[in-house]
Each structure stands twice: as C-alpha cells, then as structure tokens.
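S.K.: Dropping a prediction and its sequence here:
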Amino acid sequence: MVATDVDGTLIDHDERVTARTKAAIDALIADGVPFVLATGRPPRWIDPVVEGIGYAPLCVCGNGAVIYDSATDRVLASKTLDVDTLAWIADLAERALPGCGLAAERVGARAHDAVTPQFVSSPEYEHAWLNPDDTAVSRSEVIDAPAIKMLVRLRGTSSADMRSVLAPLIGDRADITYSTDHGLIELSAPGVTKASGLASVAQRLGVEHSTIIAFGDMPNDVPMLTMVGHGVAMANAHPEVLAAANEVTAANSEDGVAQVLERWWV
C-alpha cells in the first residue's frame, strides 16, 4: 500500500497534482496497489485532490480522526474529542497561551453535510490559511459539540513553541501535533494520529504495516512514517520528519513522491 500526505508532499506549491505524479499514481493503481491519502485536511477539502489524481481513494482525514471513502462520499469511522475535554483544553490553552483563538473541526456522515457546521471558530481565532467555509461563533459554541480536532491559534509565535508549552499540560488527555509552523496546533482524541488512521485502513484492506510506503513533510506525519515499512520524507520536510524517515526524496515542488514511486511502477 502507498499512503501520502497532501499539502507539502503530494501537491506542488500551486496545490496541483503534477502530470508526472499522476502518472506514477496511475501506474501503481493499475498494478493493484492500494493508494491512500493521509492528511490533516477534513473530508470536505478532499475533492480538489481527487480531481487532480483522477481517482477516488480511501482517505485518512483530520490527522487520523476520520476514515473517509471519497468514492462514495461516506465517513466510514470517526473519533472525537468530547465536550468536557474540549472545555478543559480551551481553559488550559487560554491560560497557557494568552490571546490565543480556538476553533473546532467537526464531521457529519458525508463530506459536505449541511446539517453539521463543519468548522467553527471563536472571534479571537485568526486563520493560518484561507478557510472560506468558516463559521464564526461565540467561544462557548466552539466547545458545545464533539469535534474531530480542536485548533489553537496564536499569531506571531511558532507552532513548535506552542506545542512545547501545551504538551506537558495536556498529558495523555489528547494527542497534540501541528502541520504548519505558523502558530497553529491541532489536538485530537488520545491516540489518534495518522498512524492510527492508516492502521485502521490497513486492517480493512488486509495489508501488513511492513508493506506500506508512506510520504510526509510535517510533525503530524511522523507517527505514520515510523509505523510503516518504508517512511519517506520530502526534502522540504520539517527536521523531525527528516530524522524519522527511512529515506529523503526530492521536494514536493520537484515531484518527490513520483521519483520514489517510479522505482517500482513506472
């Protein structure tokens, strides 16, 4: 099985799947090899990637919290932070990181579930990237329903520094990681990582972990890269990822994923 992160890994700086990368994916799929996306993105942000690769794979979304079938637009499984834990994290984060904003990522039965507000944020929350489907609500509304992820944003600081402050305080009550250096950390239910999500997909497909190749670039990819048989870091990857990988390929802007896949399938 081949599993890959999306942003900073599979797609280039213009958020496109290049022709070379698509050809490499086409070849492995034609050979009967399962191909999986493993991303911090929620299901509703998967459509452009599916269009780019021309194939609708199983997806590990929300850093492992959601297993999503993009071919049928169905959420197959999800793990959430409960309301009590969200409230506890919110109080802790606001004390430890004064001025931070809070947001919650939720999921319904489908990627574009109109019944479930998918992303809600407090008035203090400033986006680290463009998020046109945001719903601004009161702070209390951010934490009033279970969420696949809580996001804590503090502009002007690094994500690594935020993690260093919060991780000892959070302990084992939530899993903490980040996928951008720009002052944003992401919290999931205990034990939920891309590795746990990918393990769930592997079990569904009857694939041994030792036969999986995985690609990534940020700290949220480290658990996945270390649980598979061959973990590949992009040249543009975070130092933690470079240290965890079995191999370093070219940057995402230079078709690094394709360069590895072509050794076997093109």
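M.R.: Good, I have the coordinates.
S.K.: Every contact and neighbour count from this point should use C-alpha atoms.
M.R.: OK.
S.K.: Run through the stretch 1-150 of the chain and note the low-pLDDT ranges.
M.R.: 130-134 (pLDDT under 70).
S.K.: which residues of it fall in helices?
M.R.: 19-30, 47-53, 83-96, 139-142 (DSSP state H, counting those that start in this stretch).
S.K.: Turn these into TSV, columns for distance to His13 and mean neighbour count.
M.R.: Formatted as TSV, the helices of the stretch 1-150 of the chain follow (distance: least, C-alpha to C-alpha, whole Å; neighbours: other C-alpha atoms under 10 Å):
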stretch	distance to His13	mean neighbour count
helix 19-30	14	18
helix 47-53	13	16
helix 83-96	32	16
helix 139-142	31	17
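S.K.: buried stuff in stretch 219-231?
M.R.: By neighbour count with 16 or more other C-alpha atoms under 10 Å, stretch 219-231 contains the buried residues 219-228, 230-231.
S.K.: now do stretch 209-221
M.R.: Result for stretch 209-221 [16+ other C-alpha under 10 Å]: buried residues 209, 212-221.
S.K.: Give me the contacts around stretch 116-132.
M.R.: 99-108, 133-139, 141-142, 152-155, 182-184 (C-alpha atoms under 8 Å, 6 or more residues apart in numbering).
S.K.: Ala56 against Ser70, yeah?
M.R.: Yes. Contact criterion C-alpha atoms under 8 Å: Ala56 and Ser70 qualify, at 5.3 Å.
S.K.: Give me the common contacts of those two.
M.R.: Shared contacts of Ala56 and Ser70, counting by C-alpha under 8 Å, 6+ apart, come down to Val50.
S.K.: Which residue ranges make up the domains of this protein?
M.R.: Residue ranges for the domains of the chain, per automatic domain parsing: 2-78+193-265, 83-188.
S.K.: which one of these has the most crowded surroundings?
M.R.: Most buried of those by mean neighbour count (mean count of other C-alpha atoms under 10 Å) is domain 2-78+193-265; its value is a mean of 20.
S.K.: Could you work out the end-to-end span of it for me?
M.R.: 12 Å (C-alpha to C-alpha, to the nearest Å).
S.K.: And stretch 155-164, by the same measure?
M.R.: 16 Å.
S.K.: quick one, strands of the stretch 151-266 of the chain?
M.R.: Along the stretch 151-266 of the chain, counting by DSSP state E, counting those that start in this stretch, strands occupy 175-177, 184-188, 213-216, 230-233, 247-248.
S.K.: Each with direction, which strands does the last one pair with?
M.R.: Sheet pairing for strand 247-248, assigned by DSSP bridges, gives strand 230-233 (parallel).
S.K.: what about the partner strand, distance to the chain center?
M.R.: 16 Å (C-alpha atoms, centre = their mean, to the nearest Å).
S.K.: average pLDDT across that strand?
M.R.: For strand 230-233, mean pLDDT is 98.
S.K.: Let's see that strand as PDB, backbone CA atoms only.
M.R.: Only the C-alpha atoms of strand 230-233 are listed here, as PDB (Å, rounded to 0.1, in the frame of the first residue of the first chain):
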ATOM      1  CA  HIS A 230       9.300   2.500   4.500                       C
ATOM      2  CA  GLY A 231       8.800   6.100   5.500                       C
ATOM      3  CA  VAL A 232       9.800   8.800   3.100                       C
ATOM      4  CA  ALA A 233      10.400  12.500   4.000                       C
END
